[in-house]
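>>> Take this sequence and fold it.
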Amino acid sequence: MTYITSIPSPVGLLTLSSNGTHITGLWIKGQKYFGSTLGEAGKQKAQKENDTSVSLPVFEEAKRWLDIYFSGKEPDFMPPLAPAGSGFRQMVWEILQAVPYGQTITYGQIAEKCAEKLGRASMSAQAVGGAVGHNPISIMIPCHRVLGARGSMTGYAAGVEVKERLLRLERVLK
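Numbering: from 1, shown residues only. Model (predicted):
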């Protein structure tokens, strides 16, 4: 069973999904690929969800993590996460989770790390971009910390302005 709840945040309404024990999705209202792992019925429910009546311990833990994060501090714990995706996407999301709070990485650097893990000479930064863009657990799996070549600000599923707000919160941008 998939559970859904919504909570307000400084970057807009957040919709979270869970399998009951793990966070399986975290989307910012209006973002590209909203509810991508929910299926059509779940997406429709999530888009209509405006109350926070669904209470699960994992949602409470996620809310506490988000409260700390949006207060401008680095949370010292992570709720259990279970993003659904291919092996390649899982590898990219694992690399994203290793990017420290307040730091950034480029698509090219992620591609290099993927190539190394796969024993290849190179990897497409565009393929990495697709995996980053389809991250179903925004903010907690920090796809906002990914920049283009030479640190350029590039797209973000919730919009570049949201990405900039998150990077300012982490003191990456002034």
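
>>> who's in contact with Leu16?
4-7, 23, 25-26, 59, 62 (Cβ atoms under 8 Å, 6 or more residues apart in numbering). For glycine as for every other residue, the C-beta is placed from the backbone atoms N, C-alpha and C.

>>> As a check, name the ranges of all strands in this structure.
Secondary structure of the chain by DSSP state E: the strands cover 3-7, 14-18, 23-28, 105-106, 146-147.

>>> For those strands, give me CSV that also has mean pLDDT.
Shown next, in CSV, are the strands of the chain (pLDDT from 0 to 100):
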stretch, mean pLDDT
strand 3-7, 91
strand 14-18, 94
strand 23-28, 95
strand 105-106, 96
strand 146-147, 96
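
>>> now the ones you listed in TSV, with distance to Ile68?
Compiled in TSV, these are given as follows (distance: least, Cβ to Cβ, whole Å):
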stretch	distance to Ile68
strand 3-7	14
strand 14-18	14
strand 23-28	15
strand 105-106	22
strand 146-147	22
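
>>> looking at the chain, which residue ends up farthest from its center?
Ala121 (28.0 Å; Cα atoms, centre = their mean).

>>> hmm, back to that, to Val92, which of the strands of the chain lies closest?
strand 146-147 (9.5 Å; Cβ to Cβ).

>>> so what secondary structure elements neighbour that closest one?
Counting contacts by 3 or more Cβ pairs under 8 Å, 6 or more residues apart in numbering; DSSP states H and E, strand 146-147 packs against strand 105-106, helix 107-118.

>>> List just the one of the ones you listed that sits closest to Leu173.
Closest among the helices and strands packed on strand 146-147, using Cβ to Cβ: strand 105-106, at 15.0 Å.

>>> Name the residues that touch that closest one?
Contacts for strand 105-106 (Cβ under 8 Å, 6+ apart): 95-96, 99, 145-151.

>>> Contacts only, for the residue farthest from the centre of the chain.
Ala115.

>>> quick thing: my sequence starts at 5, can you match it?
That works, and once the first residue is 5, the last one we named lands at Ala125.

>>> Okay, now the unreliable bits of this structure?
43-57 (pLDDT under 70).

>>> What is the longest helix of it by residue count?
Counting by DSSP state H, the longest helix found in the chain is helix 61-74.

>>> List the buried residues in it.
Neighbour counts over helix 61-74 (16 or more other Cβ atoms under 10 Å) mark 62-63, 66-67, 69-70, 73 as buried.
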